[in-house]
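# following is a predicted model, sequence given first.
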Amino acid sequence: MTDKSGFSAAAPANGQLTRESWKVFQIMSEFVDGFERLAPIWPSVSIFGSARTPPDHPDYRKTEEVARLLSDSGFAVVSGGGPGIMEAANKGGYLGKSPSIGLNIQLPHEQAANPYQDISLVFKHFFARKVMFVKYASAYVVMPGGFGTLDELAEMLTLVQTGKSRRIPIILMNGRFWSGLLDWFRNTLCEEGTISPEDLDLLQVCDQPREILDAIFAHYETRGFEPSEEEKRILLEL
C-alpha cells in the first residue's frame, strides 16, 4: 500500500534493514584502514588510465617511466592496483625508491591485482576508494583510459572547482588522446556557460614523462608539499 507521495507505507523486512545497517560498519572499516595505511605516505601522486592497455603499448611504457621518475624523486605512486596502466604505474613505483601503492577494487571482471605493490588495499566500495585517491594526493596524472579514468578525472575537477579539495596539479598525458575532450570543454561547455573559462586552468597537458615531474615541482616551488592549515581543514571534510 502506498500513500499519495508514492512511498510504500509497509515497513522494510527486518532482514533487509539489518543488512543495510551493518553495511555501514563495512564502509567505516574501509575508510579507517585506508586512513591508517595512507596517512604516513606522502607526498604521493595518483596515476590513472586504462586497465586494458597491454605492456607493449607506448602508453604503458610512458606510464612506467613517469612512475619511476616520480618514485625516485620522493613521491609514493598510487594506482588502482589492477592491470594495464595501473600495473605500469605500480611497476615504475615499485622499481623506484618510494612506495608503490595499489587501491584495488573488487569487480566482476577486469580487476586482478598486479604484483608491484608495496602497500595493497582492497575495497568493495568505489566511493571509499575514490576518497583515498584524492585525500593524500599531491598531484593527479591521467593517462589515456575509459569510463573509469574519465570518472576519476571528472571527480577531481569537480572537487577542486567547488572548493571541496585543495588545488593540486591535474595533468593529462598524451595531448593527442585528450584533444577532442578539451575542445569540447572549450567550445561547448564554456560557450554554453556550464563551466567558466578559468576552469580549464585546472588542467595541464604533458607529452613527455619529464614534463610531468617538472610541472609538479613548479606547482609546489614556492609553498612546499605540506598542506596548509586551511587545506588540512578542507581535506578533513572531504
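Sure thing, it's come through.
# give me every residue that touches Val205.
Applying Cβ atoms under 8 Å, 6 or more residues apart in numbering, we find Val205 in contact with Ile171, Leu172, Met173, Gly175, Trp178, Leu182. Placement of C-beta: from N, CA and C, glycine included.
# now those in CSV, with pLDDT?
Listed next are the contacts of Val205 as CSV, based on pLDDT from 0 to 100:
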residue, pLDDT
Ile171, 98
Leu172, 98
Met173, 97
Gly175, 97
Trp178, 98
Leu182, 98
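# wait, doesn't Pro169 sit right on Ala139?
Yes: contact criterion Cβ atoms under 8 Å: Pro169 and Ala139 qualify, at 4.3 Å.
# who has more neighbours out of the two?
The neighbour count for Pro169 versus Ala139, taken as other Cβ atoms under 10 Å, is higher for Ala139 (24 against 21).
# please report how far that one lies from Gly92.
From Ala139 over to Gly92 the distance is 15 Å, taken as Cβ to Cβ, to the nearest Å.
# just want the most central residue of the protein.
Geometric centre of the chain, nearest residue: Phe133, 4.2 Å, by Cα atoms, centre = their mean.
# now rank the contacts of Val205 by neighbours and give me the top one.
Highest neighbour count within these: Met173, with 26 neighbours (other Cβ under 10 Å).
# was I right to think it contacts Arg210?
No: using Cβ under 8 Å as the test, Met173 is too far from Arg210 to be in contact (11.8 Å).
# show me what the longest helix seen in the chain is packed up against.
Secondary structure of the chain per DSSP state H: the longest helix is helix 14-38. Under the contact criterion of 3 or more Cβ pairs under 8 Å, 6 or more residues apart in numbering; DSSP states H and E, helix 14-38 touches strand 119-123, helix 126-135.
# can you lay out the ones you listed as TSV showing mean pLDDT and distance to Glu152?
TSV is the format used below for the helices and strands packed on helix 14-38 (pLDDT from 0 to 100; distance: least, Cβ to Cβ, whole Å):
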stretch	mean pLDDT	distance to Glu152
strand 119-123	95	14
helix 126-135	93	7
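# make JSON lines from the ones you listed and add distance to Thr158 to it.
Shown next, in JSON lines, are those (distance: least, Cβ to Cβ, whole Å):
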{"stretch": "strand 119-123", "distance to Thr158": "20"}
{"stretch": "helix 126-135", "distance to Thr158": "11"}
